[in-house]
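>>> Sharing a sequence plus its predicted fold:
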Amino acid sequence: GYGDSPAAEMVATAQTRIAFLDHILQELDLHRPVLVSPSMSGRFALPFLLAQGDQLAGFVPIAPVGTKDYTSEQYQQVQTPTLILCGDRDTSLGPQALQSLRHLPRHRVAVLPDAGHACYLDKPQDFHRALLGFLHQLE
């Protein structure tokens, strides 16, 4: 349902997106994965994090959409270790996401210099360094 793709009824609500993502994780037989969520995937990842974050070993939001849809109290209930990533040149979604996601109690922030919204494309080495550092911390 984004861009030129047709709307999909099976993922029209937060509840159906949670069920969809849960189904994918079960089908892939993934146990406590780290969920990496850039931009539009926030519509799937954030509801899943809030409802079933205990199934995740970690969460890596990269300027996801939908962060304003939830309250600071909802975020404060999540105990999933989180690395909030954004580029310093992302002047819309990055700061907006950081403002909301900073309420997650077990978070750290990595702002990539000279990177825009798709910071993983603009600064792949910096992105991977931050991501791998976070993953090693979870071990």
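In hand now; what should we look at? All of these numbers come straight from a predicted model, not from anything done at the bench. Residues are numbered from 1 along each chain as shown.
>>> ok, which stretches of this structure are helices?
14-27, 42-52, 72-76, 93-101, 119-122, 124-138 (DSSP state H).
>>> Can you say which of those helices is packed in most?
Mean neighbour count (mean count of other C-beta atoms under 10 Å) peaks for helix 42-52 among these, with a mean of 21. To be clear about C-beta, it is placed using only N, CA and C from the backbone, and glycine gets the same treatment.
>>> Can you spell out which helices and strands pack onto that helix?
helix 14-27, strand 34-38, strand 58-62 (3 or more C-beta pairs under 8 Å, 6 or more residues apart in numbering; DSSP states H and E).
>>> Next, the angle helix 42-52 makes with the first one.
I take that to be helix 14-27. 80 degrees (axes from the mean of the first three to the mean of the last three C-alpha atoms, to 10 degrees).
>>> Only C-alpha atoms, please: export helix 14-27 in PDB.
Provided in PDB are the C-alpha atoms of helix 14-27 (Å, rounded to 0.1, in the frame of the first residue of the first chain):
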ATOM      1  CA  ALA A  14      -1.800  -2.200  13.400                       C
ATOM      2  CA  GLN A  15      -3.200  -5.500  14.700                       C
ATOM      3  CA  THR A  16      -3.000  -7.200  11.300                       C
ATOM      4  CA  ARG A  17       0.600  -5.800  10.800                       C
ATOM      5  CA  ILE A  18       1.600  -7.300  14.100                       C
ATOM      6  CA  ALA A  19       0.100 -10.700  13.100                       C
ATOM      7  CA  PHE A  20       1.800 -10.500   9.700                       C
ATOM      8  CA  LEU A  21       5.200  -9.800  11.200                       C
ATOM      9  CA  ASP A  22       4.700 -12.500  13.800                       C
ATOM     10  CA  HIS A  23       3.800 -15.000  11.100                       C
ATOM     11  CA  ILE A  24       7.000 -14.100   9.200                       C
ATOM     12  CA  LEU A  25       9.200 -14.600  12.200                       C
ATOM     13  CA  GLN A  26       7.500 -18.000  13.000                       C
ATOM     14  CA  GLU A  27       7.800 -19.200   9.400                       C
END
